[in-house]
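# Here is a sequence with its predicted model. Questions after.
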Amino acid sequence: MIKGSTNPEMSISLHTVSIATLDYKFEGWLGLDKEAAKGKMVWGKYEPKVWEKRDVDMKVTHCGVCGSDIHTLRSGWAPTLYPCVVGHEIVGTARGLTETYNSRYLNGSKSYGGYANYHRAASHIVFKILDELSSADTAPMLCGGITTYSPLRNNGCGPGKKIGIIGVGGFGHFGILWAKALGADKVVGISRKANKRDDVLKLGADKYIATDEEADWAKGHARSLDLIVCTVSFTKVCKAAQ
């Protein structure tokens, strides 16, 4: 999440700052009510969580877009604490130190996301981004990328393995890229329609299966894969893949 490191211990460039001496204000795209999910947000100032000893303030340079941001804006899981600032795929440069928790903090103050000029986050969840990676490319990896890399890495994706990725939306695209990068012998993209075939093959997949257009696809490809990562909730496809 942090670009530019001068501290070999922390792997991020940090310095202690007194809250009274901060020369910047927190501003972001504020969701005021459920209409924010339709894009009706306003740019404005907000008060970040209370400054504590082990937080990191960062100047936001990039923030990815995730479906969970929409759910939060429309109170899709639980009542959202409006006004809110969403965005959790945050990349920036470090400005100072503190300590944070999800939703409301232990001291009762509220958390805000990365659709803003500055962000305050717990130092234990902030890490250095390699200089070789662009911030724009890195931001989406902080959700969709990690979500698909983790099951592949933890379940032995690599040489000698044949991998299937069900669903080739945001998550599935990353899944195909990771599986190839991890050295899988074969990577198969699986989706309902054939219109994604060319994109999936360009990403590096060795094969594409369009389940709505290939009769008895599950039977025809039975026991052909060692690991399947399912990124969709379409139960018909998921059950057939089992």
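Alright, I've got the coordinates.

# Neighbours of F171, how many?
For F171, the neighbour count with other CB atoms under 10 Å is 21. The way it works is simple: take the backbone N, C-alpha and C, and place the C-beta from them, glycine included.

# give me the element it is part of.
Assigning secondary structure by DSSP states H and E places F171 in helix 170-181.

# contacts for the helix or strand that that helix is followed by?
Per DSSP H and E, the first helix or strand lying C-terminal to helix 170-181 is strand 186-191. Contacts with strand 186-191, where a contact means CB atoms under 8 Å, 6 or more residues apart in numbering, come from 162-168, 172, 176, 179-180, 196-197, 200-201, 203-211, 221, 224-225, 237, 241.

# does I146 count as helix, strand or coil?
Taken by DSSP: H, G, I helix; E, B strand; the rest coil, the conformation at I146 corresponds to helix.

# and if you look at the one 4 residues further on?
Following three-state DSSP, the label given to S150 is helix.

# what number of residues lie near it?
With other CB under 10 Å as criterion, S150 counts 12.

# Same question for W217.
W217 has 17 nearby residues by other CB under 10 Å.

# hang on, the earlier thing: please pick the buried ones from the contacts of strand 186-191.
The neighbour-count test (16 or more other CB atoms under 10 Å) marks 162-168, 172, 176, 179-180, 196-197, 200, 203, 205-211, 221, 225, 237, 241 as buried among those.

# and the residue nearest to the spatial centre of the chain, how far is that from A218?
Centroid-nearest residue in the chain, with CA atoms, centre = their mean: C143, separated by 1.3 Å. Counting by CB to CB, to the nearest Å, the gap between C143 and A218 amounts to 30 Å.

# How about T147: what's its closest non-neighbour residue?
Distances taken as CB to CB, 6 or more residues apart in numbering place F171 nearest to T147, at 5.9 Å, with adjacent residues excluded.
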